[in-house]
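Undergrad: Attaching a predicted model along with its sequence, questions to come.
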Amino acid sequence: MKARVLQLFAAGINCDRELRHMFEVAGAEVEEAHVRELMKQPQRVLDYDLFAIPGGFTYGDDLGAGRILALEVECFLLEQLQQLHAQGGSVFGVCNGFQVLVKCGLLPGVAGIPLSLTWNDTHRFECRWSRLLVEPTLGHVLPAGSLLPAPSAHAEGKIVLAQEDGFERLQQAGCVALRYADVHGTPTRAYPDCPNGSEGAIAGLVSPSGRILGLMPHPERNLGLQSLPDRGAGAWGTGEEGIAFYRGLLAPYQAPCTA
């Protein structure tokens with residue numbers, strides 16, 4: 001049995017093909033639906049194991065990155081996504097999709113820790129490879145303490161917290177999934193290892209259940225040795241981490257191989 005993925009599409013999404021490719025390589029059956037279709041039939045969400053929002057610049061990010069799509073998701077799909085989560089399904093967003101999950105309230109998944117995403121410290125679009133340290137909260141997807149190399153490509157990826165102890169509270173709640181790290185695997189906010197200056201060097205958040213996950217960089221662009229910036233010389237991993245990430249996401253919904 002293959003995991004069933006429903007991938008959202010909307011104006012400005014431009015990373016849908018690569019995300020679909022990675023899900024399919026990882027063993028899933030993927031269907032796509034435009035947000036306007038789902039507004040009319042929101043119950044369709046419940047027919048799948050995982051709901052995914054790809055990256056891009058939805059509606060031109062004219063009111064802020066992911067803001068308009070987040071309002072559509074909040075107004076028309078939030079109840080169904082919460083129900084999908086309650087029945088054991090997962091929700092995933094990458095880059096602009098992560099911004100949508102944060103701004104519609106699905107992440108971090110705990111009350112009382114206000115946060116948002118804003119412009120990178122450089123005040124420009126950053127397109128560069130990043131090393132992501134896997135926190136114990138994401139140990140069900142990849143080994144805790146391992147590094148996930150993935151390209152960053154965003155202008156508004158800096159997580160800001162409204163409270164001084166916000167990062168510590170996120171950690172205590174089990175919501176910090178991935179952190180930007182240097183070549184030694186040490187979390188850092190220093191540029192360029194952290195492309196945006198995100199508080200706590202946060203690159204991704206996960207709900208306490210582990211089944212609502214979002215991150216800014218793009219693991220689906222880590223396709224193998226030839227996609228790495230050093231072509232497999234060793235500084236950027238083995239080229240297997242991207243597909244391992246997506247296999248880990250799908251693992252709860254995939255039938256084990258009996259061959």
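TA: Okay, I see it.
Undergrad: What values do phi and psi take at the closest residue to residue 200 other than its chain neighbours?
TA: Of all residues not flanking residue 200 in the chain, residue 167 sits nearest, at 3.8 Å (C-beta to C-beta, 6 or more residues apart in numbering). For every residue, glycine as well, the C-beta is placed using N, CA and C. Main-chain dihedrals, residue 167, degrees, to the nearest 10: phi -60, psi -40.
Undergrad: so residue 167 touches residue 175, yeah?
TA: No. Contact criterion C-beta atoms under 8 Å: residue 167 and residue 175 do not qualify, at 10.0 Å.
Undergrad: Show me the strands in the stretch 151-259 of the chain, by range?
TA: Along the stretch 151-259 of the chain, the segments classed as strands by DSSP state E, counting those that start in this stretch run 158-161, 176-181, 202-206, 212-215.
Undergrad: do the same with the stretch 1-150 of the chain
TA: According to DSSP E, counting those that start in this stretch, the strands that the stretch 1-150 of the chain contains are 4-9, 29-34, 50-53, 90-94, 115-118, 126-134, 147-154.
Undergrad: Tabulate those strands (TSV), appending distance to residue 219.
TA: Formatted as TSV, the strands of the stretch 1-150 of the chain follow (distance: least, C-beta to C-beta, whole Å):
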stretch	distance to residue 219
strand 4-9	15
strand 29-34	16
strand 50-53	12
strand 90-94	8
strand 115-118	18
strand 126-134	8
strand 147-154	5
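Undergrad: Redo the ones you listed as JSON lines? Include distance to residue 188 and mean neighbour count.
TA: Putting the strands of the stretch 1-150 of the chain into JSON lines (distance: least, C-beta to C-beta, whole Å; neighbours: other C-beta atoms under 10 Å) gives the following:
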{"stretch": "strand 4-9", "distance to residue 188": "32", "mean neighbour count": "21"}
{"stretch": "strand 29-34", "distance to residue 188": "35", "mean neighbour count": "16"}
{"stretch": "strand 50-53", "distance to residue 188": "28", "mean neighbour count": "26"}
{"stretch": "strand 90-94", "distance to residue 188": "22", "mean neighbour count": "26"}
{"stretch": "strand 115-118", "distance to residue 188": "19", "mean neighbour count": "18"}
{"stretch": "strand 126-134", "distance to residue 188": "9", "mean neighbour count": "21"}
{"stretch": "strand 147-154", "distance to residue 188": "13", "mean neighbour count": "23"}
